[in-house]
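[1] Give me coordinates for this.
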Amino acid sequence: MYRLFTGSAAGIRSRNVTHAMLCNQVVKRMYTTNYNVQLGDAGDKLFDKILIANRGEIACRVIRTAQRLGIKTVAVHSDVDKHALHVRAADEAVCIGPAPTSQSYLNIDAILDACKKTGAQAVHPGYGFLSENSKFVAALEKEGIAFIGPGSHAMHAMGDKIESKKIAKQAKVNVIPGFLGEVDEMDEVLKIAREIGYPVMVKASAGGGGKGMRIAWNDEDVKIGFRLSKQEAKSSFGDDRMLIEKYIDNGRHIEIQVLADGQGTALYFPERECSIQRRNQKVVEEAPSPFLDDATRKAMGEQAISLCNAVGYKSAGTVEFLVDSNKNFYFLEMNTRLQVEHPITEYITGVDLVEGMIRIAAGQKLKVQQKDIKINGWAMESRVYAEDPYRNFLPSIGKLTKYKIPEGEGVRVDGGVYEGGDISIYYDPLICKLVTHGNTRKQSIDRMKTALDSYIIRGVNHNVPFLRAVMENKRFLSGKINTKFIPEEFPQGFKGFEFSDQQKADAAALAGAIQLATIKRDYSVTDQISAKTEAPEEIKLIITLGNVKTNPDAPTIPVTVTYLDENDTYLVEYDQVDGRPSLPDTNVTLDWAVGNTTVNARLSKSITSYVSQLTKKHSLGYTLTFLGTEIEVSVLTPRQKELLSLIPAKKEQDTSNMLKSPMPGSIQSVNIKEGDKVVIGQELVVVEAMKMQNVLRAAADGVVKKVYVKPGIAVAVDEVLVEFEKKSDETKDVKKA
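    Numbers count the residues shown, from 1 in each chain. Model prediction:
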């Protein structure tokens, strides 16, 4: 299938072009980075047309720079991505196959065919998929199509983690102790792991993005991790070769961006701090690092350039290091592509890295020197994913029923979705990369807080509550972080932001002001209220931070709310509870129209401005998103509270004897059958979601009553997979590996 926005059918042309123009406006609004470093001249000969062999936000990102340079773009897409933002933003689009990546975005023949059909002179691979596949590069070279990235030799040498470590060692780059070779047989794997000494990292030679990687602390971990990582690597990269190396505990993950033109100019950029990770996948990044000094930064940059020179590297790339508490650094790997977190480097240096890649691929020499690369301020990136942080970050799929990106000074959104679009089961659940820039680290963080609070996402679960909690974390604010930050700061998983007493009082004051503002608005609507003619100026309320019906022990705060003036200012007086002294009164000034989602408020007592969201209005009050966390707030008059206590609570259905899928995905294996006896910890079912293998295990001994699934079928979140024979006072749930 081949679709050109300027097709001959007038109706189709008009509809597609209009949609494309709207999507281009969305893409343009996302980027606010000031690219003030000149890499070349406006009249330099580049390409007439390039194809982006990727999808989502990175495809939109490449399209944006190509448009600025006056280059036509071609998008490729699977059949389920036909309405994706990157498809609509490009000048042309070609369908390259069905949803599975092996038949579309990893299909080299289909992408080559798309290049020939459209006359694309070059291909930008983005990241992931074929971005580090040397066979793909060789195939393009054979057809005379430029690859906007390194040559096949450098890619093969650096993209292979085993080979790259050998080259790094020869180039006098510090390397992590480990076995410099491929491992395959389990006996050999265990032998090498014991020789290196636990803990070890089992990882895919061709891996990246946290996929195909497991930390092993003992023999049993190695057995499980090797099998699962090998499966993930095969699914994600088509290459299941594995290696083992020493795991540097309590280290920092710090990386150096490089840009080399192959004509004598090789630049290194200020480092990116990428230590906040979950399952070896980066979650929050910043540039520069709050840990490095100038001497260490220079030494790391020089070693990165030595590695580039050793393989004749040409294009953008990233050299990743692990840094210990004494600032000793060790080569981890080199990513021979544009990195996900490249926007923070662009923000603090003013360099458009995508433009640099395009110019280098077109044979241009960079007109910039190392002395021109300077640090300007601080940048922060939060990866916003469609996942449920309250359920161990399990992926979420569905339609974005409401979607509004944050805007403002120093805010950039690299996204590839839009309101009404779908988050698919087939691909990475990244919604966007939210990036902020400030003169200082504190200003960058403060802007990130406001941006996260302003971000409206409905229809899927997302990790904004977790990201917002990180921005308030004292250890994060101090800069004393490492790769174990998340497991150490959230040892029991994420349970929601822990509000201080003052923040609870502020949330209650906000809810009280919203309630009186809503009542006054209702009185202003003709024929809505017939019993009284004037709106009340004061109201007594009992505010409960939680669902008062299902959680009677939730914090309760009685208040009196009084309307003060037409500037939407309300006096909130906190009443005494059980003889305890009341809190000091506060004024709440609202910048909010009834019916709007975003609520801006300033509280005089805490001297704090909040950006909150009124997510839902229900019979007992509201659902508010406050400091990133969604909370139910019951707002009742004393009489309503009294009457509610007389209504009996509804009993919850007992599902303790059922194994439910904690995520949408596809069943990879079922390892039990009806009648089987299972023991605690036994592997029951493996579910694949977003290319990650998730093992579901028994949390208690039991007997299988019925199995509802088989390998290959798709399942929804909370779908029942296995039912166990019931036993009194015994839980038959599972824990995720």
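[2] show me where the stretch 51-200 of the chain has strands.
    72-78, 92-97, 122-124, 146-147, 200-208 (DSSP state E, counting those that start in this stretch).
[3] Just name the most buried of those strands.
    Highest mean neighbour count of the strands of the stretch 51-200 of the chain: strand 122-124, a mean of 27 (counted as mean count of other C-beta atoms under 10 Å). Where you see a C-beta, it was placed from the backbone N, CA and C, and this is true even at glycine.
[4] tell me what that one is packed against?
    When contacts are defined as 3 or more C-beta pairs under 8 Å, 6 or more residues apart in numbering; DSSP states H and E, strand 122-124 packs onto strand 49-52, strand 146-147, helix 353-361.
[5] One more pass at 10 Å, please.
    For strand 122-124, the elements it packs on are strand 49-52, helix 56-68, strand 72-78, helix 108-118, helix 134-143, strand 146-147, helix 353-361, judged by 3 or more C-beta pairs under 10 Å, 6 or more residues apart in numbering; DSSP states H and E.
[6] Helices of the stretch 551-700 of the chain, residue ranges please.
    Applying DSSP state H, counting those that start in this stretch to the stretch 551-700 of the chain gives helices spanning 638-644.
[7] Could you check the helices and strands packed on strand 122-124 and tell me which one is nearest residue 637?
    With C-beta to C-beta as the criterion, residue 637 lies closest to helix 56-68 of the helices and strands packed on strand 122-124, at 47.2 Å.
[8] Off-centre distance for that closest one?
    In terms of C-alpha atoms, centre = their mean, to the nearest Å, the centre of helix 56-68 is found 18 Å from the chain centre.
[9] where does this structure have low pLDDT?
    By pLDDT under 70, the weakly predicted segments of the chain are 1-32, 180-181, 206-210, 526-533, 547-552, 577-581, 649, 652, 690-691, 728-737.
[10] the longest helix in it is where?
    Longest among the helix segments of the chain by residue count, using DSSP state H, is helix 501-524.
[11] so residue 706 sits in a strand?
    Yes - under DSSP: H, G, I helix; E, B strand; the rest coil, residue 706 falls within a strand.
[12] Next, the contact list for the closest residue to it other than its chain neighbours, please.
    Spatial nearest neighbour of residue 706, chain neighbours left out: residue 723 (4.5 Å); criterion: C-beta to C-beta, 6 or more residues apart in numbering. Residue 723 makes contact with 655, 657-659, 674, 704-708, 732 under the criterion C-beta atoms under 10 Å, 6 or more residues apart in numbering.
[13] Residue 463 now?
    Residue 463 makes contact with 278, 283, 382-390, 393, 396, 429, 431, 457, 469-470, 494, 628, according to C-beta under 10 Å, 6+ apart.
[14] Run a quick neighbour tally on residue 522.
    Residues near residue 522, counting by other C-beta atoms under 10 Å, number 12.
[15] what comes up buried for stretch 42-50?
    Within stretch 42-50, the residues that count as buried by 16 or more other C-beta atoms under 10 Å are 46-47, 49-50.
[16] Most widely separated two among these?
    46 and 49 (10.4 Å).
[17] shared neighbours of the two, anything?
    Residues touching both residue 46 and residue 49 (C-beta under 10 Å, 6+ apart) are 66, 71, 121-122.
[18] Among those residues, find me the one that's closest to residue 102.
    Closest to residue 102, out of all of these and judged by C-beta to C-beta, is residue 122, at 24.3 Å.
[19] about what we covered before: now the contacts of residue 723 in a markdown table, with distance to residue 274 and neighbour count?
    A markdown table is the format used below for the contacts of residue 723 (distance: C-beta to C-beta, whole Å; neighbours: other C-beta atoms under 10 Å):
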| residue | distance to residue 274 | neighbour count |
| --- | --- | --- |
| 655 | 39 | 13 |
| 657 | 43 | 18 |
| 658 | 39 | 19 |
| 659 | 35 | 27 |
| 674 | 47 | 11 |
| 704 | 43 | 20 |
| 705 | 46 | 15 |
| 706 | 45 | 14 |
| 707 | 41 | 18 |
| 708 | 41 | 14 |
| 732 | 40 | 24 |
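[20] Please identify which of those residues is nearest to residue 38.
    Set against residue 38, the nearest of the contacts of residue 723 by C-beta to C-beta is residue 659 (59.4 Å).
[21] What sits closest to residue 403 if chain neighbours are left out?
    residue 419 (3.9 Å).
[22] cool, and residue 346?
    residue 33 (5.2 Å).
[23] go on, residue 473?
    Of all residues not flanking residue 473 in the chain, residue 489 sits nearest, at 6.0 Å (C-beta to C-beta, 6+ apart).
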